[in-house]
Structures are given as C-alpha cells and as structure tokens.
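Visitor: Fold the following for me, if possible:
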Amino acid sequence: MRVLLLEDDDEAAERVVSTLNGQGIDGIDRFVRGEEALKAAAGQHYDVLILDRMVEGLDGLATLQRLRAMDVRTPALFLSNLVQARARVEGL
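Guide: Okay, here's the model as predicted:
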C-alpha cells in the first residue's frame with residue numbers, strides 16, 4: 001500500500017509513520033509542503049492521502065481541492081489541530 005503523508009511537524013509525522021509501519025504499511029512518502037505533495041499525487045498512484053490542514057504554502061485542503069479538480073480520486077484523511085466546527089465541515 002502506498003501512502004502520501006503531508007505533514008510539516010516532524011514529531012507528528014514520525015508518530016504517523018511508526019503507526020503505519022506497525023500495521024505493515026511501509027510505502028510512505030512524506031512531504032512538508034503542499035506543492036510537493038500535489039506534484040507527487042498528480043504524477044503517481046497512492047492508495048491513500050493523509051493531509052495536514054495547516055502546512056506552509058499550499059495547505060492540505062487546497063492540495064486536495066486541486067487534486068480533485070485534476071480528477072484524482074484517491075481517498076483522503078485530514079490531520080488537524082483545528083477545533084472549530086467550520087474547519088471540520090470544510091474538510092468533509
């Protein structure tokens with residue numbers, strides 16, 4: 001299984017990677033900027049996208065919006081510390 005991880009916080013990324021590796025998933029490509037993740041996801045197949053909402057440059061939500069506009073339909077999961085209901089609804 002190939003996973004794209006967009007996360008700019010090293011500790012958070014390490015927790016995600018170690019959890020996924022513990023489940024037998026070892027094909028994880030990590031990016032810290034949305035522009036990098038967008039380019040990667042547009043150019044190759046991933047089974048799932050794990051996107052942080054708040055990263056420098058193109059954030060996770062904008063990255064996913066651009067991928068959807070390019071007809072990339074890979075399932076996505078958002079990571080966020082945002083607690084506002086509006087932020088959660090936007091992610092859905």
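
Visitor: and the residue positioned nearest the centre of the chain, helix, strand or coil?
Guide: What sits nearest the mean C-alpha location of the chain, by Cα atoms, centre = their mean, is Leu51, with 2.1 Å. With DSSP: H, G, I helix; E, B strand; the rest coil as the basis, Leu51 sits in strand.

Visitor: contacting residues around it?
Guide: 6, 37, 60-61, 63-64, 76-79 (Cβ atoms under 8 Å, 6 or more residues apart in numbering). Yep, even glycine has a C-beta here, placed from its N, CA and C like the rest.

Visitor: Equivalent analysis for Leu67, please.
Guide: Counted by Cβ under 8 Å, 6+ apart, Leu67 has contacts 38, 41-42, 49, 74.

Visitor: Pull the number of nearby residues for Leu5.
Guide: Leu5: 23 surrounding residues under other Cβ atoms under 10 Å.

Visitor: let me fix that: Arg33
Guide: Neighbour tally, Arg33, other Cβ under 10 Å: 16.

Visitor: Quick check: closest non-adjacent residue to it.
Guide: Nearest residue to Arg33, sequence neighbours excluded (Cβ to Cβ, 6 or more residues apart in numbering): Gly57, at 4.8 Å.
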